[in-house]
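A.B. asks: show me how the following folds:
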Amino acid sequence: VSISTISLGLMIFIVSSYSYENSRIDAQNYVNELAQKNAMGIKSTLDKAIVISNTIANKYESAVEHNEKLSKDGTIRYFKSLLDQNRFILGSWFTFEDGTLFYDKTDGTNKNNYYTKNGVFQPYVVKNSDGSFTIEPSSEFDLESEWINRPYKNKQVSITEPYDYEIDGKKILLTTVSSPVYYKGKFLGAVGVDFSLDYFNKTINQIKLFDTGYGVLVDSYGKIISHPVKENIGKSIQDITKNEEVLKAIQMNSKGEIYSYVATNLKDGKKSYTYSFPFEFGDTKNYWSFMIIVPEEEYLKNAQFIQNFSIVAALVVLLIIVLVLIYSMKVLNKNLTTISAGLLNFFSFL
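C.D. replies: You can find the predicted model right below:
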């Protein structure tokens, strides 16, 4: 019984440990693949926005090269078409230092809300959730504005940190992809498209991650683009946590390196597995982080079931073996007693 118990116990330990480890690795690989797949989906969206922004910039660079004035109505239709075909974009815009370079100033007869206070044609076209459009004047050209200054300094397509912008009387948290417009080496202005951070948040919240797992998107500036706790959106990751593992993940991702760890999460304090996957914004060498956080009790549920089943099954087998051995020993003992008595009687008779 002792030898059987020790041998089977050792077998239980080896088999259950091996099964648990394999199940844990499979579960983590599933989480990792899910993170990579969704990160590439977000990157694809941003890359498409980059292409659109650069296309608008090329349109204006071509116009100034050929000394061509552009149609105001045609521009409005073009922007509306872009927004209809790309539902992920909230709005499109342009702004130039010389507002009369491509369009004539208003003479006061045009009552549409397409002009700045200086009479410059500079509409900001926004697609509403009901499919309608809001068109209002965009901000006056200001080189200090982040959506102008970044492409001006970087000399390439750039993305801003999240910021509040008032549209139709409502403040919306935005991030902007903008491209510079040049002619003969001179910076003329910038064009671009805007994302509502609510779009990213809704998209990521739709990802099914076991029961309570969730995704977090952090931009290259360390600002939170998407998080299940709405109050955290737009904040710096360093402002909401001092967890060394989280900060290390962002640091590693900024170098384009993957990082994973197990620690308590920021949502409900459960011990969770986090896989942080970096992806590059365009070809700028600036990396965003997409993190998937899943509580251990959820993604290891199958592994724990396999481990517990192995232990229970082995204990049942061990119990059966012990009962069989005890029964066999009782039968053997009874038979030996009978034989012993017979032998004693036989020798007594002799």
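
A.B. asks: centre of the chain to stretch 265-276, how far?
C.D. replies: Put simply, stretch 265-276 sits 14 Å off its chain's centre (CA atoms, centre = their mean, to the nearest Å).

A.B. asks: identify the residues contacting that stretch?
C.D. replies: 28, 31-32, 35, 212-214, 228-229, 232, 240-241, 243, 245-246, 249-250, 252-253, 258-264, 289-297, 299 (CB atoms under 8 Å, 6 or more residues apart in numbering). Quick note: C-beta positions are derived from backbone N, CA and C, even for glycine.

A.B. asks: can you flag the buried ones in those residues?
C.D. replies: Among those, the ones that count as buried by 16 or more other CB atoms under 10 Å are 28, 31-32, 35, 212-214, 228, 232, 243, 246, 249-250, 252-253, 259-260, 289-296, 299.

A.B. asks: from those, which land in helices?
C.D. replies: 28, 31-32, 35, 246, 249-250, 252-253, 296, 299 (DSSP state H).

A.B. asks: which one among these gets closest to Ile207?
C.D. replies: The nearest member of these to Ile207, counting by CB to CB, is Ala35 at 9.4 Å.

A.B. asks: tell me the contacts of the nearest residue to the closest one once chain neighbours are set aside?
C.D. replies: Nearest non-adjacent residue to Ala35, counting by CB to CB, 6 or more residues apart in numbering: Ile292, 4.2 Å away. Ile292 is in contact with 31, 34-35, 38, 209, 213-215, 274-275, 277, counting by CB under 8 Å, 6+ apart.

A.B. asks: leaving out chain neighbours, which residue sits closest to the residue nearest the centre of the chain?
C.D. replies: In the chain, the centroid-proximal residue (CA atoms, centre = their mean) is Phe290; its distance is 3.5 Å. Counting by CB to CB, 6+ apart, Ala39 is the residue found nearest to Phe290 once chain neighbours are left out, at 3.8 Å.

A.B. asks: is that neighbour in a helix, a strand, or coil?
C.D. replies: Assigned state for Ala39: helix (three-state reduction, DSSP: H, G, I helix; E, B strand; the rest coil).

A.B. asks: number of nearby residues for it?
C.D. replies: Neighbours of Ala39 under the rule other CB atoms under 10 Å: 22.

A.B. asks: tell me the confidence at it?
C.D. replies: Note for Ala39: predicted pLDDT of 93.

A.B. asks: so it touches Glu280, yeah?
C.D. replies: No. Contact status for Ala39 versus Glu280: not in contact, 10.5 Å apart, counting by CB atoms under 8 Å.

A.B. asks: which helix or strand contains Leu188?
C.D. replies: Using DSSP states H and E, Leu188 maps to strand 186-196.

A.B. asks: could you pull out the helices for the stretch 51-200 of the chain?
C.D. replies: 72-85, 146-154, 197-205 (DSSP state H, counting those that start in this stretch).

A.B. asks: could you dump those to a markdown table with distance to Ala303?
C.D. replies: Formatted as a markdown table, the helices of the stretch 51-200 of the chain follow (distance: least, CB to CB, whole Å):
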| stretch | distance to Ala303 |
| --- | --- |
| helix 72-85 | 45 |
| helix 146-154 | 46 |
| helix 197-205 | 26 |
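
A.B. asks: out of those, which gets nearest to Lys105?
C.D. replies: Closest of those to Lys105 is helix 72-85, at 11.1 Å (criterion: CB to CB).

A.B. asks: list the buried ones in the closest one?
C.D. replies: 72, 75-76, 78-79, 82-83.
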